[in-house]
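J.: pasting the structure only:
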């Protein structure tokens, strides 16, 4: 049986946006001769680069070891619920549905729905 891939909490597009913003803001500094503007753009490019490096680290961390860290987050969330498993549960913003699926597996008598746009 093939294991489902629930993805990563850090979208790859977001990584690309911060990398592009960093490179773009740095390259734009060559268009201006005003020191203040150049300085601000270089600071902005460093901030974007910092966010990019941080997100790469988080993306790598959440993808390590068969995504065990993400599963620990999901199980911690489910274990903190003050619910006996009877009735209905709604997971709003479920993404690919891992929390809703784990909740339905833990409480087989419940009715669990996950919704996302």
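T.: It's in. Worth saying up front: this structure is predicted, and the values here are computed from it rather than measured. Numbers count the residues shown, from 1 in each chain.
J.: can you map out the strands along the protein?
T.: 88-92, 111-115 (DSSP state E).
J.: who does the first one pair up with?
T.: Translated: strand 88-92. When pairing is defined by DSSP bridges, strand 88-92 lines up against strand 111-115 (parallel).
J.: if we can go back for a sec, pipe the strands of the chain into JSON lines and attach mean neighbour count and distance to residue 78 per row.
T.: Heads up, the C-betas are built off the backbone N, CA and C, glycines and all. Shown next, in JSON lines, are these (neighbours: other C-beta atoms under 10 Å; distance: least, C-beta to C-beta, whole Å):
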{"stretch": "strand 88-92", "mean neighbour count": "13", "distance to residue 78": "10"}
{"stretch": "strand 111-115", "mean neighbour count": "15", "distance to residue 78": "11"}
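J.: With respect to residue 28, which of those strands lies nearest?
T.: For those, proximity to residue 28 was assessed by C-beta to C-beta; strand 88-92 is nearest, at 39.7 Å.
J.: Report the distance from the closest one to the chain centre.
T.: With C-alpha atoms, centre = their mean, to the nearest Å as the basis, strand 88-92 stands 20 Å off its chain's centre.
J.: Show residues contacting that strand.
T.: For strand 88-92, the surrounding residues in contact (C-beta atoms under 8 Å, 6 or more residues apart in numbering) are 83, 97, 99-100, 103, 107, 110-116.
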